[in-house]
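**Q** What follows is a protein structure lacking sequence information:
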């Protein structure tokens, strides 16, 4: 089977963005703190956010769009990596991308600082667009877009941490949280692609800026909801995680929160025990929980919702009349399909 | 004695900036994370950086300059508070500004996040200048200036942490570190004042942008060197800290590092014991160390250097021909005098 256009562009952009980050942005002294800031970055990652920036710019303005998009693509990936470094400290996670997390290698104090530097480097990447001759109007937009996302990601992480202290969370609040924590940065990525495509972003660009922002947001939401589904119903041979992993860990996911809201009697008690982390881990008990999730309609609610977000995202691309590069538009649609169909 | 113009303007700007931060910038949900982000901000602080932004803008463009400077003043103070939140975690400090530090109140994980939010809010403050009608050129400059400072502050903090692992540090490296850690943000503050003063920052503004940046940098360096002097020779009744506090704590300061470099024989051994934190704390021993610091010329070197930085800063203000408001110029000069004359 030939490689999909999504996969081909993703890989192409990943190597361009990495090169740009390594040679232009993440250089300075002392080298140790730059190494720490890039520790997870070097370890891997699919570079989905840079793909969204670059493909959006290319869809709207061809290869010139791609050129201006490069600093913005680097910015969102560096920002993403900053959040990973700090989240790993907050969540006390020891491994990510197959390597020990930053604080495991460098200690917590230095990892906090490394995250702060990665954050600053994401803004430095945007500043760098000036060297390409990017207009001040566009630079100011780019800074604003990244900043708005940064505030939202912090708010989302705060909600997530505060949910941990509660037994039950309303699933609408949960959806808001995953928008802030995951959707907002993908929204910003798509918007930054639009900024890169515009010679000078003016009122005429506002509809497409909003439309592409919504595309990114929906892709992010669909991705996260699919993640929740795979966390319970994923095939262990494909996900690499134990069956019912999120149930065993008592994770508050859309499935469990929806099921809790809609279950009654004994079924509700069972879901409550998931949220209280009181499951014994007995396979029969886990099967029962999975059945409640199916019977309350939580699984089909989640599947429908993810599918609707993906379909809307695809429709947004279909309705854009300013498409300059069909291949990039196709790749963006493929991404929306991929996030809800993936098995891992 | 009547209040100095420095003190009067500092207080006036502090209340304006605080109002702006509380009502326009640091609002959002969940409120808990905004409260945590502002915990130290609310506890106090002299708002020196906002003063530098506002007074610079007023010096060059009167009250209109002040108006445009407000978001930038808020940005540097929020940024400063972000660094305090994270530094306190890294240094395991329990108290600051008379209150428990952020991580002591909210826990480490939430404090890391609160710092990240304060960081994002500093950029949000700059974004807000758009609402005042600030030109995109100026906005892009402002973002660049804050970003450059952010990278440098991270580098400075990294150097500081890496110095901790060494017994001896060259005092030139130490001066570089304090420039990055303290000088760079004051440099940015003065530059942001220039941006606010300019209707649109063009080539004609570059000499004054550079000059004011140097003013801020020198004030920062003079401040930090004075801090080092007070840490050893300060009057406990004025500083509120034990006599020879920095010696007892084995802190690597300019005085000790210079003294180590220039001492010989027994005197050098004594300073080495300070750096190795091997002092017994015996008053006689501490007096001896203080004498070595005097005899090697370390004290007069530090005093001269701080004085030279302050004098240069004053001269920079004196040489500015575009002064629109003499009172603001006077206040900026007073600040440079104050930082080297202060007893606490």
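**A** Looks like it came in fine. These numbers come from a predicted model, not from an experiment.
**Q** Now do the contacts for residue A:47.
**A** Each residue near residue A:47 by C-beta atoms under 8 Å, 6 or more residues apart in numbering or on different chains is listed here: A:10, A:13, A:14, A:17, A:18, A:77. C-beta here means a position set from N, CA and C on the backbone, and glycine is covered the same way.
**Q** Between those residues, which sits nearest chain B?
**A** Nearest to chain B among those is residue A:77, at 16.6 Å by C-beta to the nearest C-beta.
**Q** Report the mean per-residue pLDDT for the helix or strand that contains the closest one.
**A** Assigned by DSSP states H and E, residue A:77 belongs to helix A:48-91. Mean pLDDT, helix A:48-91: 98.
**Q** got a list of contacts for the next helix or strand after it?
**A** Where DSSP H and E defines the elements, the next helix or strand beyond helix A:48-91 is strand A:95-96. Strand A:95-96 has contacts (C-beta under 8 Å, 6+ apart) with A:40, A:43, A:84, A:88, A:101, A:104.
**Q** got any ranges where chain A has weak pLDDT?
**A** A:1-2 (pLDDT under 70).
**Q** Just want the most central residue of it.
**A** Residue closest to the average C-alpha location in chain A (C-alpha atoms, centre = their mean): residue A:182, at 4.3 Å.
**Q** thinking again about what came up before, quick check on the contacts of strand A:95-96: which are buried?
**A** With burial judged by 16 or more other C-beta atoms under 10 Å in any protein chain shown, the buried subset of the contacts of strand A:95-96 is A:40, A:43, A:84, A:88, A:101, A:104.
**Q** Pick out the most distant pair among those residues.
**A** A:84 and A:104 (12.9 Å; C-beta to C-beta).
**Q** Tell me which of the contacts of residue A:47 fall in helices.
**A** Per DSSP state H, helices hold the following members of the contacts of residue A:47: A:10, A:13, A:14, A:17, A:18, A:77.
**Q** any chance of the contacts of strand A:95-96 in TSV, plus distance to residue A:227?
**A** Converted to TSV, the contacts of strand A:95-96 look like this (distance: C-beta to C-beta, whole Å):
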residue	distance to residue A:227
A:40	19
A:43	20
A:84	15
A:88	17
A:101	19
A:104	24
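**Q** which one of the residues you listed is nearest chain B?
**A** Nearest to chain B, judged by C-beta to the nearest C-beta, of those is residue A:88 at 10.7 Å.
**Q** Show the contacting residues for the closest one.
**A** Taking C-beta under 8 Å, 6+ apart as the test, what residue A:88 contacts is A:40, A:96, A:101, A:102, A:103, A:111.
**Q** The same query, at a cut-off of 6 Å, please.
**A** Counting by C-beta atoms under 6 Å, 6 or more residues apart in numbering or on different chains, residue A:88 makes contact with residue A:101.
**Q** Spell out which parts of the stretch 101-250 of chain A neighbour chain B.
**A** Within the stretch 101-250 of chain A, the positions near chain B by C-beta under 6 Å from any C-beta of the partner chain are A:109, A:112-113, A:116-117, A:120, A:123-124, A:127, A:136-137, A:139-140, A:143-144, A:147, A:150-151, A:154, A:157-159, A:162.
**Q** can you map out the helices along the stretch 151-300 of chain A?
**A** Here the stretch 151-300 of chain A has its helices, by DSSP state H, counting those that start in this stretch, at A:171-178, A:184-197, A:206-233, A:236-239, A:245-248, A:254-262, A:265-275, A:283-295, A:298-319.
**Q** Just name the most buried of those.
**A** Stretch with highest mean neighbour count among the helices of the stretch 151-300 of chain A: helix A:184-197 (a mean of 30; mean count of other C-beta atoms under 10 Å in any protein chain shown).
**Q** distance between that helix and the chain's centre?
**A** 13 Å (C-alpha atoms, centre = their mean, to the nearest Å).
**Q** Kindly report the same for stretch A:43-50.
**A** Relative to its chain's centre, stretch A:43-50 lies at 10 Å (C-alpha atoms, centre = their mean).
**Q** Show the end-to-end separation of it, please.
**A** 16 Å (C-alpha to C-alpha, to the nearest Å).
**Q** Can you give me the buried ones in it?
**A** For stretch A:43-50, by 16+ other C-beta under 10 Å, it's A:43, A:45, A:47, A:48, A:49, A:50.
**Q** which one among those gets closest to residue B:331?
**A** residue A:49 (45.5 Å).
**Q** List the contacts of that closest one.
**A** Residue A:49 touches A:76, A:77, A:80, A:189, counting by C-beta under 6 Å, 6+ apart.
**Q** Can you turn the buried part of those into a PyMOL selection?
**A** In PyMOL, a selection of the buried entries from the contacts of residue A:49 looks like this (16+ other C-beta under 10 Å):
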select buried, chain A and resi 76+77+80+189
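**Q** Among the contacts of residue A:49, pick out the one closest to chain B, please.
**A** Using C-beta to the nearest C-beta, the contacts of residue A:49 come closest to chain B at residue A:80, 13.4 Å.
**Q** The closest residue in space to that closest one that isn't next to it in sequence and chain B, how far apart?
**A** In this structure, residue A:80 finds its nearest non-sequential neighbour in residue A:49, 5.7 Å apart by C-beta to C-beta, 6 or more residues apart in numbering or on different chains. Separation of residue A:49 from chain B (C-beta to the nearest C-beta, to the nearest Å) stands at 17 Å.
**Q** what do you get for residue A:293?
**A** Applying C-beta to the nearest C-beta to residue A:293 and chain B gives a distance of 28 Å.
**Q** what's the angle from the helix holding residue A:77 to helix A:298-319?
**A** Counting by axes from the mean of the first three to the mean of the last three C-alpha atoms, to 10 degrees, helix A:48-91 lies at 140 degrees to helix A:298-319.
**Q** ok now helix A:48-91, how far from the chain's centre?
**A** That offset, for helix A:48-91, works out to 11 Å (C-alpha atoms, centre = their mean).
**Q** Also stretch A:329-341?
**A** Relative to the chain's own centre, stretch A:329-341 is displaced by 14 Å; criterion: C-alpha atoms, centre = their mean.
**Q** Check which residues of stretch A:82-91 are buried.
**A** Buried-residue list, stretch A:82-91, by 16+ other C-beta under 10 Å: A:82, A:83, A:84, A:85, A:86, A:87, A:88, A:89, A:90.
**Q** which one is residue A:60 nearest to, not counting chain neighbours?
**A** residue A:197 (3.6 Å).
**Q** my guess is the one you found meets residue A:64, correct?
**A** No: the pair residue A:197 and residue A:64 does not pass the contact test of C-beta atoms under 6 Å, sitting 8.5 Å apart.
**Q** who's in contact with residue A:43?
**A** Residue A:43 neighbours (C-beta under 6 Å, 6+ apart): A:97, A:99.
**Q** If you could redo that for residue A:289, that was the one I meant.
**A** Applying C-beta under 6 Å, 6+ apart, the residues near residue A:289 are A:247, A:270, A:274.
**Q** residues near the residue in the stretch 151-300 of chain A that chain B sits nearest to, how many?
**A** As assessed by C-beta to the nearest C-beta, chain B sits closest to residue A:158 within the stretch 151-300 of chain A, at 3.7 Å. Using other C-beta atoms under 10 Å in any protein chain shown, the number of residues around residue A:158 comes to 27.
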